[in-house]
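> only geometry, no sequence info:
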């Protein structure tokens, strides 16, 4: 499999992995988001992933992947996953050896103002749940899409700079600026685990959720809820019935630990690159 | 979505559609074949599907698709699906209008001896359950792979000729030589149906199975079993509990109506080309 194929497969394995409490998975749909929309999102994003592997700029490849992902009626299925996967694919395709955190960091540190512009444009394809921008930079609200471009250019913000601005409130931004620490750790866990790969990914998801509060949950429901969900996940680890109960409760309450799912998808990609087979 | 993307998505929607009695689906794995292996098979086949869309010969695109499909450890996941999808993708990419049975027939009638050679080579990538060859043509046994090439060339057999030789015992060959009749009829049913697309595909699968005995079941278990399965499917139609009971029974007995699943995947492709959205 090529890096672009492994990335698409990682998207599919992520949504197939169950239980992933609060997320669409092989066993559960959400009210307004269905399993098959993730399948269509993965297929649609493949062209952008191939561009990333062929050396296209990170922002351009990401914007194309998101545009392709959006050709289904569920809305945002894999925006956050792609934000992690695109630089990882680019790094994997450029590396002669096994993909390392340093490879990935080199790619994100080399991003430009043009990458930031394309990242903002990607928000025009789909509604993404995000927090408010920093108080001193309201003109950099990602929800402004292309309208934020003059501010990006005036401030000479690269895509890496944009991510640095969001590390407080966004777990994916923390991956970008922190050497994809949780992604690589979860990939190690998946590689070292036994059994079907989707089962391993579901366990990695629950571990990630137990270890750190999900930032999408914090954005949508507040930090207290995010912390409570992580405590519950910690209690449920290793207990199938308790995990299923957590899954039912989060779906019923509309609590979606989506950032944790994003990191799980990225970890699946790294595990596939390292030779995990199924 | 491009024709190649729609074909890959059709493979994914087919395996996600449930219940599809006797086949891997969103709710069921088989003992030796798992859901995630179909995901990997679909991603791996995409390159061959793109070749078909770009006008590569049918045999060459098919052989590449099967080679890519085989990069997982489950063995044959979607060989029959690809045999139907490759000429359909080629026809859809060449047509300016909506894909018709005539477009598909033109493509398969134009196949060459070289296409037949590549088709036989594809059997070297994966074990496929097939019936014995006609008594007068033992040297054309597909299981011989490349060893059959001299016989193909001596007899000047095109891939269409090879399919004609198998229409008695193979439902996919009948699609090739019969204007993809059941594929297009099932696509109409999917387009005219309501609700989530995988649910529509599962109903189309059961209708197809009720209407004609599955030829893979006949090959593996005999014609009486194949006829009995179709009768049972006919009785179960429209009754969720009865359909689930049939699904459990066929999985337990190792009875796999795989040709019916192949036609369902092809029908999903045609439905997507005709604008079915999800």
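Perfect, I can see it now. In this text the structure is predicted, and so the values were computed from the model without any measurement.
> could you pick out the longest helix of chain A?
Determined from DSSP state H, the single longest helix within chain A is helix A:35-53.
> who are the packing partners of the following helix or strand past that one?
Next helix or strand after helix A:35-53 toward the C-terminus (DSSP states H and E): helix A:58-69. Contact here means 3 or more C-beta pairs under 8 Å, 6 or more residues apart in numbering or on different chains; DSSP states H and E; on that basis helix A:58-69 packs against helix A:35-53, helix A:79-94, helix A:113-122. C-beta coordinates here come from the backbone N, C-alpha and C atoms, glycine included.
> dump those to TSV, plus mean neighbour count.
Supplementary listing: the helices and strands packed on helix A:58-69 in TSV, determined by neighbours: other C-beta atoms under 10 Å in any protein chain shown:
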stretch	mean neighbour count
helix A:35-53	26
helix A:79-94	27
helix A:113-122	22
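> out of these, nearest to residue B:70?
Smallest distance to residue B:70 across these (C-beta to C-beta): 19.2 Å, for helix A:35-53.
> gap between that closest one and the chain center?
Put simply, helix A:35-53 sits 13 Å off its chain's centre (C-alpha atoms, centre = their mean, to the nearest Å).
> and the angle from it to helix B:35-53?
Taking axes from the mean of the first three to the mean of the last three C-alpha atoms, to 10 degrees, one finds helix A:35-53 and helix B:35-53 inclined to each other by 60 degrees.
> quick one: mean pLDDT for helix A:35-53?
Averaged across helix A:35-53, pLDDT comes to 98.
> got the end-to-end distance for stretch A:103-121?
In stretch A:103-121, first residue to last residue: 26 Å (C-alpha to C-alpha, to the nearest Å).
> let me redo that: stretch A:58-77
End-to-end distance of stretch A:58-77 (C-alpha to C-alpha): 20 Å.
> which residues of the stretch 101-250 of chain A lie near chain B?
Contact residues (C-beta under 8 Å from any C-beta of the partner chain) of the stretch 101-250 of chain A with chain B: A:196-198.
> distance of the residue in the stretch 51-200 of chain A positioned nearest to chain B from residue A:204?
Proximity of the stretch 51-200 of chain A to chain B (C-beta to the nearest C-beta) peaks at residue A:198, 5.4 Å away. Distance of residue A:198 to residue A:204, given as C-beta to C-beta, to the nearest Å: 10 Å.
> likewise residue A:131?
Between residue A:131 and residue A:204 the computed distance is 25 Å (C-beta to C-beta).
> the more surrounded of those two?
residue A:204 (26 against 16; other C-beta atoms under 10 Å in any protein chain shown).
> report the separation between that one and residue A:13.
Noted for residue A:204: a distance of 11 Å to residue A:13, by C-beta to C-beta.
> swap in residue A:222?
Applying C-beta to C-beta to residue A:222 and residue A:13 gives a distance of 31 Å.
> and the two? Which one has more around it.
Each of residue A:222 and residue A:13 has its neighbours counted (other C-beta under 10 Å); residue A:13 has more, 30 against 11.
> the closest residue to that one other than its chain neighbours: which element?
Distance criterion C-beta to C-beta, 6 or more residues apart in numbering or on different chains; nearest residue to residue A:13, sequence neighbours excluded, is residue A:268 at 5.1 Å. Secondary structure assignment for residue A:268, by DSSP H and E: helix A:258-273.
> and that helix, what does it pack onto?
Counting by 3+ C-beta pairs under 8 Å, 6+ apart, helix A:258-273 packs on helix A:3-16, helix A:79-94, helix A:171-177, helix A:181-192, helix A:197-211, helix A:215-221.
> now those helices in CSV, with mean pLDDT?
Listed next are these as CSV, based on pLDDT from 0 to 100:
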stretch, mean pLDDT
helix A:3-16, 98
helix A:79-94, 98
helix A:171-177, 98
helix A:181-192, 98
helix A:197-211, 98
helix A:215-221, 97
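> TSV for those, including distance to residue B:214?
TSV is the format used below for these (distance: least, C-beta to C-beta, whole Å):
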stretch	distance to residue B:214
helix A:3-16	26
helix A:79-94	37
helix A:171-177	46
helix A:181-192	37
helix A:197-211	28
helix A:215-221	45
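> contact partners for residue A:87?
Residue A:87 makes contact with A:52, A:58, A:104, A:107-108, A:111, A:176, according to C-beta atoms under 8 Å, 6 or more residues apart in numbering or on different chains.
> residue A:77 reaches residue A:35, doesn't it?
No: in this structure, residue A:77 is not within contact of residue A:35 by C-beta atoms under 8 Å, at 10.0 Å.
> neighbours of residue A:129, just the number please.
Residue A:129 is flanked by 12 other residues according to other C-beta under 10 Å.
> phi, psi for it please.
phi -80, psi 110 (degrees, to the nearest 10).
> again, but for the one 4 residues further on
Here is the backbone geometry of residue A:133 (degrees, to the nearest 10): phi -70, psi 170.
> repeat that for residue A:33.
Note on residue A:33: its backbone torsions stand at phi -150, psi 120 [degrees, to the nearest 10].
> which one is it nearest to, not counting chain neighbours?
residue A:74 is the one closest to residue A:33 (C-beta to C-beta, 6+ apart), at 4.7 Å.
> check contacts around the one you found.
Shown in contact with residue A:74 (C-beta under 8 Å, 6+ apart): A:32-34, A:37-38, A:41, B:278.
> go again with 10 Å.
A:24, A:29-30, A:32-38, A:40-41, A:126, B:278 (C-beta atoms under 10 Å, 6 or more residues apart in numbering or on different chains).
> what do you get for residue A:32?
A:73-75, A:254.
> any idea of the mean pLDDT for stretch A:143-155?
Mean pLDDT, stretch A:143-155: 94.
> what's next to that stretch, contact-wise?
A:113-114, A:116-125, A:127-128, A:130, A:132-133, A:137-142, A:157-159, A:161-162.
> could you redo the last one with a cut-off of 8 Å?
With contact meaning C-beta under 8 Å, 6+ apart, stretch A:143-155 is reached by A:113, A:116-117, A:120-121, A:123-124, A:130, A:137, A:139-142, A:162.
> likewise for stretch A:16-28?
The contact list for stretch A:16-28 (C-beta under 8 Å, 6+ apart) reads A:14-15, A:30, A:33-35, A:38, A:198-199, A:201-202, A:205-206, A:209, A:217, A:229, A:233, A:236, A:243-244, A:246-247, A:249-251, A:255-258, A:261, A:264, B:26, B:35-36, B:39.
> which among these end up buried?
With burial judged by 16 or more other C-beta atoms under 10 Å in any protein chain shown, the buried subset of the contacts of stretch A:16-28 is A:14-15, A:30, A:33-35, A:38, A:198, A:201-202, A:205-206, A:209, A:217, A:229, A:233, A:236, A:243-244, A:246-247, A:250-251, A:255-258, A:261, A:264, B:26, B:35-36, B:39.
> how about the nearest residue to residue A:71, chain neighbours excluded?
Residue A:71's closest residue in space is residue A:44 (C-beta to C-beta, 6+ apart), at 4.7 Å.
> residue A:166 versus the one you found, what's the distance?
Separation of residue A:44 from residue A:166 (C-beta to C-beta): 25 Å.
> next: residue A:128.
Counting by C-beta to C-beta, the separation of residue A:128 from residue A:166 is 12 Å.
> do residue A:103 as well
Residue A:103 is 22 Å from residue A:166, by C-beta to C-beta.
> residues in contact with residue A:61?
Residue A:61 sits in contact with A:48-49, A:51-52, A:86, A:89-90, where contact means C-beta under 8 Å, 6+ apart.
> hmm, I typed the wrong one, I wanted residue A:123.
A:142-143, A:145.
> from residue A:38, how far off is the closest residue to residue A:90 other than its chain neighbours?
Leaving aside its sequence neighbours, residue A:90 sits nearest to residue A:52 (C-beta to C-beta, 6+ apart; 4.7 Å). Plainly put, residue A:52 is 19 Å away from residue A:38 if you go by C-beta to C-beta.
> and for residue A:145?
Residue A:145 sits at a distance of 24 Å from residue A:38 (criterion: C-beta to C-beta).
> what's in contact with stretch A:158-168?
A:58-59, A:108-109, A:111-113, A:115-116, A:119, A:131, A:133-134, A:137, A:140, A:152, A:157, A:170, A:172-174, A:176-178.
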